[in-house]
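Participant: Here is a sequence together with a model predicted from it:
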Amino acid sequence: MFTELCYQTFVRSIADYHLTNDVYSQVANPFEKSTIEHLLYAKNWIDTVQWHLEDIIRDPKIDPVKALEIKRWIDRSNQERTDMVEYTDSYFLEKYKNVIPQPDASINTESPAWAIDRLSILALKIYHMQEEATRADATEEHRAACQRKLDVLLEQRRDLSTAIEELLNDIQLGRKYMKVYKQMKMYNDPSLNPVLYAQK
């Protein structure tokens, strides 16, 4: 199944990141650039680094200058994440370009790539909740509570994977059609953010 390929690629990216567990580590994508795995790995690496940036910026003792640097890094990361999702949707648009939608075909609430984006984030949640559920220096109550949350996350992974597979199958059979809207992050655009264009 395609979602299993996605998930295993995300798991590999997360594991590779945690070899150093350093937001400044450079990505070494193991997949050929022409493959969907390369795109999925690169996208999850962005998600993984941003996950840890979100941890760092919540340090109550963080230096304000450092916090601003991290906040701007997160902003750039959000834009990169959006770009990667759109590249992934381009892959699906190309794959299904010859499918003729049925007369009663409907559109989904989100594109396949945005659903896969949620699967990438879910892989991170599962990894870190597993860490907490087995953390040796935590209380038994903490580990038990985290195990219950982990069980829910694993169920969510199964449900989300099933929903994505059904969506892809429906697109392939013409029961649903893709319509991709390019995301417009206004705060990153100097011509759309009033704080930025007011300074010109």
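Facilitator: It's in.

Participant: by contact count, what packs against the helix or strand where residue 143 lies?
Facilitator: Per DSSP states H and E: residue 143 is located in helix 140-172. Counting contacts by 3 or more Cβ pairs under 8 Å, 6 or more residues apart in numbering; DSSP states H and E, helix 140-172 packs against helix 2-17, helix 112-133, strand 176-177. Heads up, the C-betas are built off the backbone N, CA and C, glycines and all.

Participant: Let's have the ones you listed in CSV, adding mean pLDDT.
Facilitator: Formatted as CSV, those follow (pLDDT from 0 to 100):
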stretch, mean pLDDT
helix 2-17, 98
helix 112-133, 97
strand 176-177, 94
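
Participant: Let's have those in JSON lines, adding distance to residue 25 and mean neighbour count.
Facilitator: Listed next are those as JSON lines, based on distance: least, Cβ to Cβ, whole Å; neighbours: other Cβ atoms under 10 Å:
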{"stretch": "helix 2-17", "distance to residue 25": "7", "mean neighbour count": "18"}
{"stretch": "helix 112-133", "distance to residue 25": "16", "mean neighbour count": "19"}
{"stretch": "strand 176-177", "distance to residue 25": "39", "mean neighbour count": "19"}
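
Participant: can you put these in CSV and add distance to residue 166?
Facilitator: Rendered in CSV, the data for the helices and strands packed on helix 140-172 read as follows (distance: least, Cβ to Cβ, whole Å):
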stretch, distance to residue 166
helix 2-17, 10
helix 112-133, 10
strand 176-177, 9
